[in-house]
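>>> I would like the atomic coordinates for the input below:
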Amino acid sequence: MTIYDIAKEAGVAASTVSRVINNKPGIKAETREKIQALLKKYNYTPDAAARGLVMQSTKMVGILVVDIRVTHHIDSAFVIEQELTKRGYCCITMSTGPEDEKKAEYIRILEQRRVEGVILMGSMFMTERVKESIQKHLPRVPVVMVNGYLDLPNVSGVLVDEDSGVSRCVELLVGKGRRKIAFALDQHSPSNSLKQQGYCTGMRACGMGEEDLWLYDVGESSVTAGYQITERILEEHPDVEGIIYSVDLIAVGGVRAAYDRKVPVPEQLALVGVDNTIYGEICMPKLTTLDNKLEALSEAAAGILWEGLEGKIQNKKVMLFCEIIERETT
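Here you go, the predicted structure:
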């Protein structure tokens, strides 16, 4: 059933049916009701692609994620998609992989798909190659980066104070009498670098010297990697009193490693994660974590992109503030 079939049965022009579909004025109430009844009878759905060609609009937004298996990022993408769908946009989510050339290539693909807006999920997109690709392929398309920023006229960033948040985690542990504290980094990214910086700042502010900064590079984000790095920390520093992990996922591995080694948590060893994910809620004991405000971050990103899609002035940078969720591991 096409718009022309509806028009023929209603005894009107196809343009009249189109005006009713798009809720335009200038149609008699009787004619409008007749056409609406036929649209409902035949379950007519407008062809979005055809309408896009006429309106010169695709109503399409691209969401790029480095790794779609990362729960934190895909949860954020879900919130953003729900917010934009309510406003009449269709979202396509793609996983780029970690290589810069692949990220740049996906930005080119989004240009081919004629997206009207873009969300970049996470600080892993804060690279020169990505910046160059945006300048080349999407120079006039509004782009919003979640937990990151690129200095371009059409790019905005929604950031969270993870550095000062981790610093407050150090203060929390020191306030509980824990001064021998290690930091475990799952993988290198601008966001994780800020977390590590926050650990170092917090330790120094509490009177610890450079020799007291126990920094560990995990190499990957997994429970197994968290388990193994915790074992290593306990072997190299049996007197360790606290460990801060860059993400909850590896912290959960740390909880298990402590349990297997019969190290009492939190009596002997306090553990803290970052992200406030479901992993920390379901492990035993429940994990203390730094809540980096995933839902608020995502809603803010969707709101800023919406401003750009509507041609309004966008906020260039928005900063949100973390909150420590204290549970059973501290």
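
>>> switch to C-alpha atoms for all contacts and neighbour counts from now on
Will do.

>>> chain center to stretch 203-220: distance?
On the basis of C-alpha atoms, centre = their mean, to the nearest Å, stretch 203-220 sits 27 Å off its chain's mean C-alpha point.

>>> now do the buried residues in that stretch.
203-204, 208, 213-216, 218 (16 or more other C-alpha atoms under 10 Å).

>>> restricted to strands, list these.
Mapping the buried residues of stretch 203-220 onto strands (DSSP state E) picks out 214-216.

>>> TSV please, covering the buried residues of stretch 203-220 and showing pLDDT and distance to residue 69.
Formatted as TSV, the buried residues of stretch 203-220 follow (pLDDT from 0 to 100; distance: C-alpha to C-alpha, whole Å):
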residue	pLDDT	distance to residue 69
203	98	33
204	97	36
208	96	37
213	98	32
214	98	30
215	98	26
216	98	24
218	93	18
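
>>> now do the SS call for residue 329.
coil (DSSP: H, G, I helix; E, B strand; the rest coil).

>>> ok, now which ones touch it?
Applying C-alpha atoms under 8 Å, 6 or more residues apart in numbering, we find residue 329 in contact with 265-266, 270-272, 285-288.

>>> report the buried members of those residues.
Buried subset of these (neighbour count, 16+ other C-alpha under 10 Å): 265-266, 270-272, 285-288.

>>> and of these, the nearest to residue 127?
residue 272 (29.0 Å; C-alpha to C-alpha).

>>> let's verify the closest one: helix, strand, or coil?
Three-state call for residue 272 (three-state DSSP): strand.

>>> do the same with residue 72
helix.

>>> so what's it up against?
275, 277, 294 are the contacts of residue 72 under C-alpha under 8 Å, 6+ apart.

>>> any idea how far it is from residue 293?
According to C-alpha to C-alpha, to the nearest Å, residue 72 and residue 293 sit 11 Å apart.

>>> who touches both of the two?
Counting by C-alpha under 8 Å, 6+ apart, the shared contacts of residue 72 and residue 293 are residue 275.

>>> which secondary structure element is home to the residue nearest to residue 133 when sequence neighbours are not counted?
Distances taken as C-alpha to C-alpha, 6 or more residues apart in numbering place residue 104 nearest to residue 133, at 5.3 Å, with adjacent residues excluded. Applying DSSP states H and E as the criterion places residue 104 in helix 100-112.

>>> list the contacts of the next helix or strand after that helix.
For helix 100-112, the succeeding helix or strand toward the C-terminus, using DSSP H and E, is strand 117-121. By C-alpha under 8 Å, 6+ apart, the residues outside strand 117-121 that reach it are 60-66, 73, 76-77, 141-147, 301, 305, 308-309.

>>> apply 7 Å and report the result again.
Outside strand 117-121, the residues within contact range by C-alpha atoms under 7 Å, 6 or more residues apart in numbering are 61-65, 73, 141-146, 305, 309.

>>> next: stretch 308-320.
116-117, 142, 156-161, 304, 307.
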